[in-house]
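In: starting from these lines, generate the structure:
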Amino acid sequence: MKITQIRNATQIITYAGKRFLVDPMLSEKDAWPGFNASARSSIRNPMVELPIDIEALLDVDAIIVTHTHADHWDAVAAKLIPKSMLIYVQNDSDEALLRSQGFTHLCQLSAKSAFEDIALIKTEGQHGSNEVYAVPQLAERLGDACGVIFQHPAEKTLYLVGDSIWIDGVAENMRYYQPGVVIMNTGWAHLIGYGPIIFGKEDVLKAHNILPHAQIVATHMEAVNHCLVTLRELLDYVRDIEIQAYVSAPDDGDTVTF
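Out: Predicted structure coming up:
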């Protein structure tokens, strides 16, 4: 298993000999405004350039889109990705959006979805607190965001958690599937007045306490305006609490292998 960090939540996961592009955000640096009503909204997105060219990014077997917020599926991805590419999406709404953009080879993730002999099991997350989802406009804006369990006899189980805060469902997935590798979006993105809408650094410790032998890959940092935890801050934190042997946070363009 190889996990190549691209930028934000965009990664290439090589698993059981197949390559998956996850959550492609392909715009050039500073292409679009910061997210409205979020932390540091004056900063334009993406905050950094892609570390490799788009042609290399698209040399994959399939694409997984955990949800269609612009920092996971942007207009450039919709324009440049071949319309016949196999893309996994989370629900009817996201499938309808991608079909409206001209994509023809779409598959909805589910409890039984797969790519050939690789199980791709949909998991649920919660993209913000109960308080933020109690506000109808914000609930609509945040919507659903899924995760994915990868399973194959030749590999450790991988849990791509997706955009979520810490909820009982995430902990239950960890206990049930016992993944050997966990990818966590740890940028601690904030909405003004409502707090975080994805994991922060302390959630890594929560995951480690449930899965003390698993390797945790931290991502979704330093690329969009509302993410407040930096890669260096996270690495300093896991060193200070002495779990650094179990946590990696690769720089853009770098690969970790398990």
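In: and the lowest-mean-pLDDT helix or strand in the chain, what's buried?
Out: In the chain, the helix or strand scored least confidently by mean pLDDT, DSSP states H and E is helix 54-57, which has a mean of 94. For helix 54-57, a neighbour-count test (16 or more other C-beta atoms under 10 Å) marks residue 57 as buried. All C-beta atoms are positioned from the backbone trio N, CA, C, and that covers glycine.
In: contacts for it?
Out: Here helix 54-57 makes contact (C-beta atoms under 8 Å, 6 or more residues apart in numbering) with 6, 10, 12, 21, 24, 26, 50, 80.
In: please pick the buried ones from those.
Out: Among the contacts of helix 54-57, those buried by neighbour count (16+ other C-beta under 10 Å) are 6, 10, 12, 21, 24, 26, 50.
In: hang on, residue 99 in a strand?
Out: No: assigned with DSSP: H, G, I helix; E, B strand; the rest coil, residue 99 falls outside any strand and is helix.
In: use 226 as the first number for this chain going forward.
Out: Let's use 226 as the start, then, which means that last one is residue 324.
In: and for it, the neighbour number?
Out: For residue 324, the neighbour count with other C-beta atoms under 10 Å is 12.
In: correct me, but it touches residue 331?
Out: Yes: applying C-beta atoms under 8 Å, one finds residue 324 in contact with residue 331, separated by 6.7 Å.
In: so residue 300 touches residue 249, yeah?
Out: No: counting by C-beta under 8 Å, residue 300 stays clear of residue 249, with 11.2 Å between them.
In: coming back round to it: check the contacts of helix 279-282 and tell me the two furthest apart.
Out: Farthest apart among the contacts of helix 279-282 by C-beta to C-beta are 237 and 305. That separation is 15.7 Å.
In: any idea how far residue 431 is from residue 382?
Out: Using C-beta to C-beta, to the nearest Å, residue 431 is found at 19 Å from residue 382.
In: and those two? which has more neighbours close in?
Out: Neighbours per residue, other C-beta under 10 Å: of residue 431 and residue 382, the larger number sits with residue 382, 18 against 15.
In: quick check: closest non-adjacent residue to that one.
Out: residue 404 (4.3 Å; C-beta to C-beta, 6 or more residues apart in numbering).
In: and residue 460, by the same measure?
Out: According to C-beta to C-beta, 6+ apart, the nearest residue to residue 460 is residue 474 (5.5 Å).
In: ok, that neighbour - contacts?
Out: Residues in contact with residue 474 (C-beta under 8 Å, 6+ apart) are 411, 442, 443, 444, 446, 456, 459, 460.
In: now do 10 Å
Out: The contact partners of residue 474, taken as C-beta atoms under 10 Å, 6 or more residues apart in numbering, are 230, 409, 411, 426, 429, 441-444, 446-447, 454-460, 463, 481.
In: in the stretch 326-475 of the chain, where is pLDDT below threshold?
Out: Applying pLDDT under 70 to the stretch 326-475 of the chain picks out no residues at all.
In: please enumerate the strands of it.
Out: Here the stretch 326-475 of the chain has its strands, by DSSP state E, counting those that start in this stretch, at 331-333, 339-340, 343-349, 371-376, 383-385, 406-410, 415-416, 420-421, 440-444, 472-473.
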